[in-house]
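Participant: could you look at this predicted model? Sequence included:
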Amino acid sequence: MAEKPKANVEVKNLATRIFKPIIPEAEGRNMVIAGLIIVITILLMAVLADVIAPYNPTKFAGKPLSPPSLQNPMGTDNLGRDILSRVIFGSRIVLVVVFSAAMVSMSIGVPIGLISGYFGGKLDRAISMVMDSMYAFPSLILAIAIAAVLGPSVVNAVVAISVVYVPTYFRMVRGQTLSLKSRLFVEAARAAGAGNTRIMSKYIFPNLVTTAIVVFSLSIADAILTEAGLSFLGFIVTAPTPDWGFDLSSGRPYLPSGYWWMITFPGFMVMLLALGFALIGEGLSEVYAPGRER
Amino acid sequence: MMVAESLASNNKVLKIRNLSTHYFSRRGVLKAVDRVSMDLRKQEFIGIVGESGCGKSTLAFSIMRLIQPPGKIVEGEILFNGKDLLKLKDEEMRRVRGKEIGMVFQDPMTSLDPLEKIGDQIVETIQMHEDVDKKEALEKAMKLLESVGLPGDRVNYYPHQLSGGQRQRVMIALAIALNPTLLIADEPTTALDVIVQEKIMEILEKMKREGRSIILITHDFSLAAEKSDRILIMYAGWIVEMGDSMKLVAEPLHPYTKGLIESVPDIWLARKIKTMPGFPPDLINPPPGCKFHPRCPKAKEICKREEPPLIEVNGRLVKCWLYE
């Protein structure tokens, strides 16, 4: 067992750590599986949009405002575009935005939380104060404020949403670090001569990973709603690009006249995707919670 | 200084002079270690005994310089093999930890990283200080486990697969991985049963025979009396009595030591257990004079006013006015 390359073994260990609890019977396992099915289906839909969408989402595809039919399963919008195709293509932007935003906020929030919680003191108090004041804003309001300053674009939406979720990661990681750093195995590592960098990266960080994954899924679920909100207000895309939130706003004026299909389908998709990630997050937190010591 | 002279002897591994470690809380300053001086000879097994909160663990952590805020070492010298640990830079001190001084902790259930195989944890400790490849380090880890009485293949086990006693053996293997000259064991057997305790103590004694100096921190007087060459009794941050274990047990000088000995349960119930009246003092507002006087059966007028000096009696040191 000694001659195995180190990196390989470690990757394998990490993979077992993350996926092993999903496979055995555990409370919350079914939630994770249900969530994964939803998310993976929507992911596939986004990737294969060109193949599966029946029409070009930005081109005329039938009589404007026609109700769901065999030709247009979700009906057409006010410009005669196929809503099913728009829903399929619309998944791309929301997924790109929330995934990149979650990655960015995780890669900012996790290290800051780790450092702040580990070293404590004045630095920690200052950072915590900034983060808490950001956290005090409702996420959508803060995202709107940032997006309004930066101007409408996909990249700016990613920036706005990333900023909003940094405090979520920060608070979680800081709290975990505070409890981990007083654990005896960290003290023992220090007594064995480990320096701060090593203690943070080798002893504290691996013990944070499972919680970070849970927060990742839950914050994505929330970010989907924020993205839809920004898009609804026109902060992400401009016509004719398909995006669920944006299509909601273009369908809204037609709702009172009885054209319900224009907003029902994109709205349902937003809800479904958020539900998928929420299920994964909640399920994982139940899977991990009881046996974290393992 | 009187202490230094009375303990004068060669090959000292550790020489602590006038060490004070205080915790700064909102209520005030807590003097957990209050001007403590002690020595440790090469290959000596010393037991530090006292109640919870008497400062014995703080003393150990001070030697390792692992005191975290709000605690701080405020004065004193810790000479280890001739160098003052308190004057080392952080990076130099980091290299002393593990390499020159090893430490074993109280609770073996939580002192190992739950996510890492024990072999990897030992390998990592070795690689922190020595430039060896993983294979070599792993072989060394297996030898270390064997030296503490565990099969070498336990390197592939995770901590949760081992019992408390086995984990404590792993902790000792970790602490001696780099062959430190001094091993500090902070209540190493408190969380274990008596049979396992004996096994762990045997390992510590073996470590001593191999040439290391051992500091055993415990609240178990009989354990310290049985295993150590010298005992050091701590009370409220002071060393109140220090001397040869046999003599100290046979003829305790300090009233606190007497009280401790009388409160050790006797399995044959040949004598009645006497408990000591009162509680350890609040170290933020300690009693004036001798900190032990409110609980002392022999307290005199002077004890309430003035701090007793450390007096040499029959080759032992005792901090008590009775012997002035």
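Facilitator: Sure thing, it's come through.
Participant: near chain A, which residues of the stretch 151-300 of chain B?
Facilitator: B:N156, B:Y158, B:H160, B:M171, B:L174, B:A175, B:A177, B:L178 (Cβ under 8 Å from any Cβ of the partner chain). The way it works is simple: take the backbone N, C-alpha and C, and place the C-beta from them, glycine included.
Participant: wouldn't B:L216 be in contact with B:L182 here?
Facilitator: No: counting by Cβ atoms under 8 Å, B:L182 is not a contact partner of B:L216; they are 11.9 Å apart.
Participant: between these two, tell me which one has more neighbours.
Facilitator: Higher neighbour count among B:L216 and B:L182: B:L216, with 27 against 21, using other Cβ atoms under 10 Å in any protein chain shown.
Participant: sec struct for the more buried one, please.
Facilitator: Classification of B:L216 by DSSP: H, G, I helix; E, B strand; the rest coil places it in strand.
Participant: what count of nearby residues applies to residue 103?
Facilitator: Looking at chain A here, since you left the chain open. Neighbour count for A:M103, taken as other Cβ under 10 Å: 13.
Participant: wrong one, chain B
Facilitator: Residues contacting B:M103 under the criterion other Cβ under 10 Å number 28.
Participant: same thing with A:L233?
Facilitator: As a burial measure, the neighbour count of A:L233 was computed by other Cβ under 10 Å and equals 17.
Participant: excluding covalently adjacent residues, which one is nearest to the residue of the stretch 51-200 of chain B found nearest chain A?
Facilitator: When scored by Cβ to the nearest Cβ, the stretch 51-200 of chain B has B:G98 as its residue closest to chain A, at 3.3 Å. Here the nearest residue to B:G98 in space, its sequence neighbours aside, is A:G193; by Cβ to Cβ, 6 or more residues apart in numbering or on different chains that works out to 3.3 Å.
Participant: so the one you found touches B:H129, yeah?
Facilitator: Yes: counting by Cβ under 8 Å, B:H129 is a contact partner of A:G193 at 6.0 Å.
Participant: let's see the pLDDT reported for A:R171.
Facilitator: A:R171 is assigned a predicted lDDT (pLDDT) of 93.
Participant: wait, is it part of a strand?
Facilitator: No: checked against three-state DSSP, A:R171 lies outside a strand; its state is helix.
Participant: my guess is it meets A:Y135, correct?
Facilitator: Yes: the criterion here is Cβ under 8 Å, and A:R171 meets it with A:Y135 at 6.9 Å.
Participant: A:G193 and B:H129 - which one has more neighbours?
Facilitator: Between A:G193 and B:H129, counted using other Cβ under 10 Å, A:G193 has the larger neighbour count: 24 against 17.
Participant: just say helix, strand or coil for the more buried one.
Facilitator: Under three-state DSSP, the three-state class of A:G193 is coil.
Participant: for A:K12, report the pLDDT, please.
Facilitator: At A:K12, the pLDDT recorded in the model is 53.
Participant: try A:I40
Facilitator: At A:I40, the pLDDT value in this model is 93.
Participant: what do you get for B:M171?
Facilitator: The score at B:M171 is 87. That number is its pLDDT.
Participant: so it, which state does it fall into?
Facilitator: For B:M171, the secondary structure call by three-state DSSP comes out as helix.
Participant: swap in B:P286?
Facilitator: Using three-state DSSP, the structure places B:P286 in coil.
Participant: surely it touches B:K31?
Facilitator: Yes: counting by Cβ under 8 Å, B:P286 does reach B:K31; the two are 7.2 Å apart.
Participant: assign B:L19 to helix, strand or coil.
Facilitator: Counting by three-state DSSP, the backbone at B:L19 sits in strand.
Participant: bridged to it, which residues?
Facilitator: According to DSSP bridges, B:V36 are recorded as the beta-bridge partners of B:L19.
Participant: since we're on it, how many residues are nearby?
Facilitator: Counted with other Cβ under 10 Å, the burial measure for B:L19 works out to 22 neighbours.
Participant: need the contact list for it.
Facilitator: For B:L19, the contact set (Cβ atoms under 8 Å, 6 or more residues apart in numbering or on different chains) comprises B:V33, B:R35, B:V36, B:S37, B:L59, B:S62, B:I73, B:E75, B:G76, B:E77, B:I78.
Participant: which non-adjacent residue is nearest the last one?
Facilitator: The one in question is B:I78. B:L85 (4.4 Å).
Participant: verify the contact between that neighbour and B:I67 for me.
Facilitator: No: with contacts defined as Cβ under 8 Å, B:L85 does not count as touching B:I67, sitting 11.9 Å away.
Participant: the two - which one has more neighbours?
Facilitator: In this view B:L85 and B:I67 are compared by other Cβ under 10 Å, and B:L85 has more residues nearby, 23 against 18.
Participant: mind listing what that one touches?
Facilitator: When contacts are counted by Cβ under 8 Å, 6+ apart, B:L85 touches B:I63, B:R65, B:I78, B:L79, B:M93, B:V96.
Participant: which of those sits closest to A:P242?
Facilitator: Out of the contacts of B:L85, the one with the shortest distance to A:P242 is B:M93. That distance is 61.4 Å, counting by Cβ to Cβ.
Participant: burial check on the closest one, number of neighbours?
Facilitator: For B:M93, using other Cβ under 10 Å, the count is 17.
Participant: A:G267 too?
Facilitator: By the measure other Cβ under 10 Å, the count of residues near A:G267 is 16.
Participant: ok, now A:D50?
Facilitator: Neighbour count for A:D50, taken as other Cβ under 10 Å: 9.
Participant: and it, how far is that from A:T58?
Facilitator: Look at A:D50 and A:T58: by Cβ to Cβ, to the nearest Å, they are 13 Å apart.
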